[in-house]
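J.: the following comprises the amino acid sequence and a computationally predicted model.
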Amino acid sequence: MNSFLLQRVAVFVDYANINRSASDHRVYLDYSDLLDYLVANRRLVEAIAYVPIDPNQPHGRDAECEALWLAHYFVKTKLGKQTESSYKCNVDVEMTIDMLNAALDMNIDTVILVSGDGDFMPVVAYLRSRGIRVEVCGFRANTSRELMLKSSGYIDMQIYLDETTQEDQVEAIEDTDEEEVLDEEQEGL
């Protein structure tokens with residue numbers, strides 16, 4: 001059997017980072033589809049999304065959190081701290097601890113980090129030194145060059161979006177073809 005199919009995978013999503021990047025690129029991310037794409041027939045052990053919460057709108061992301069739960073992510077929220085003009089919420093420490101725990105305690109073969117934040121470089125380097133594959137997924141323009149170069153593999157979010165858009169277009173064409181065949185069959189009756 002292919003060793004790729006036997007890999008135990010854990011996915012960690014820096015929601016604020018990747019959502020901001022998606023917004024910069026004016027795209028919507030389907031997190032359920034993204035999870036399927038990232039895991040790619042390997043064995044998913046855990047998928048966690050870290051969502052910052054605005055202290056001025058503590059329920060402002062309830063719908064997004066529910067969508068993530070429905071997409072099979074374990075959702076961890078953190079209430080941000082008020083700043084002069086906005087709020088600050090850093091989940092890097094929590095993500096790092098969870099990545100280490102998953103990789104070392106859950107016998108994970110591959111950690112997939114969905115973030116472009118270069119602050120994760122120390123944990124990426126540590127996990128790799130322990131023989132754990134670390135794949136980084138992000139938008140190239142918003143991903144630390146060091147993360148791209150020093151991870152075990154880089155997954156370009158734009159390529160994922162291009163591939164899924166093409167698949168959607170093919171499905172739409174196939175659906176249209178099926179409708180035309182049904183219409184022709186009905187006309188012949």
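T.: Looks like it arrived, so ask away.
J.: next, residue 104: phi, psi?
T.: As for residue 104, its main-chain torsions (degrees, to the nearest 10) stand at phi -90, psi -30.
J.: tell me the pLDDT at it?
T.: Residue 104 carries a pLDDT value of 87.
J.: regarding this protein, what is its longest strand?
T.: If you go by DSSP state E, the chain has its longest strand at strand 43-53.
J.: list the buried ones in it?
T.: Neighbour-count burial for strand 43-53 flags 44-53 (criterion: 16 or more other Cβ atoms under 10 Å). For the C-beta atoms, the positions are set from N, CA and C on the backbone; glycine is no exception.
J.: before we move on, what about stretch 117-125?
T.: Within stretch 117-125, the residues that count as buried by 16+ other Cβ under 10 Å are 117, 119-121, 123-124.
J.: got the angle for whichever helix or strand comes after the longest strand of the chain vs strand 43-53?
T.: Next along the chain after strand 43-53, taking DSSP states H and E as the criterion, comes helix 62-70. Computed by axes from the mean of the first three to the mean of the last three Cα atoms, to 10 degrees, the angle separating helix 62-70 from strand 43-53 equals 170 degrees.
J.: pull out the buried residues from whatever helix or strand comes next after helix 62-70.
T.: With elements assigned by DSSP H and E, the helix or strand that comes after helix 62-70 is strand 74-79. Of all the residues in strand 74-79, those buried under the rule 16+ other Cβ under 10 Å are 75-77.
J.: what is the nearest of those to residue 58?
T.: Comparing the buried residues of strand 74-79 against residue 58 with Cβ to Cβ places residue 77 closest, at 9.3 Å.
J.: so what sits opposite the closest one in the bridge?
T.: For residue 77, the beta-bridge partners are residue 51 (DSSP bridges).
J.: how about JSON lines for the buried residues of stretch 117-125, with pLDDT and distance to residue 108 added?
T.: Shown next, in JSON lines, are those (pLDDT from 0 to 100; distance: Cβ to Cβ, whole Å):
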{"residue": "117", "pLDDT": "96", "distance to residue 108": "20"}
{"residue": "119", "pLDDT": "96", "distance to residue 108": "21"}
{"residue": "120", "pLDDT": "97", "distance to residue 108": "16"}
{"residue": "121", "pLDDT": "97", "distance to residue 108": "19"}
{"residue": "123", "pLDDT": "97", "distance to residue 108": "13"}
{"residue": "124", "pLDDT": "98", "distance to residue 108": "14"}
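J.: need the contact list for the closest residue in space to residue 110 that isn't next to it in sequence.
T.: Leaving aside its chain neighbours, residue 110 sits nearest to residue 133 (4.3 Å; criterion: Cβ to Cβ, 6 or more residues apart in numbering). Counting by Cβ atoms under 8 Å, 6 or more residues apart in numbering, residue 133 touches 7, 109-111, 152-153.
J.: which of the buried residues of stretch 117-125 fall in helices?
T.: 121, 123-124 (DSSP state H).
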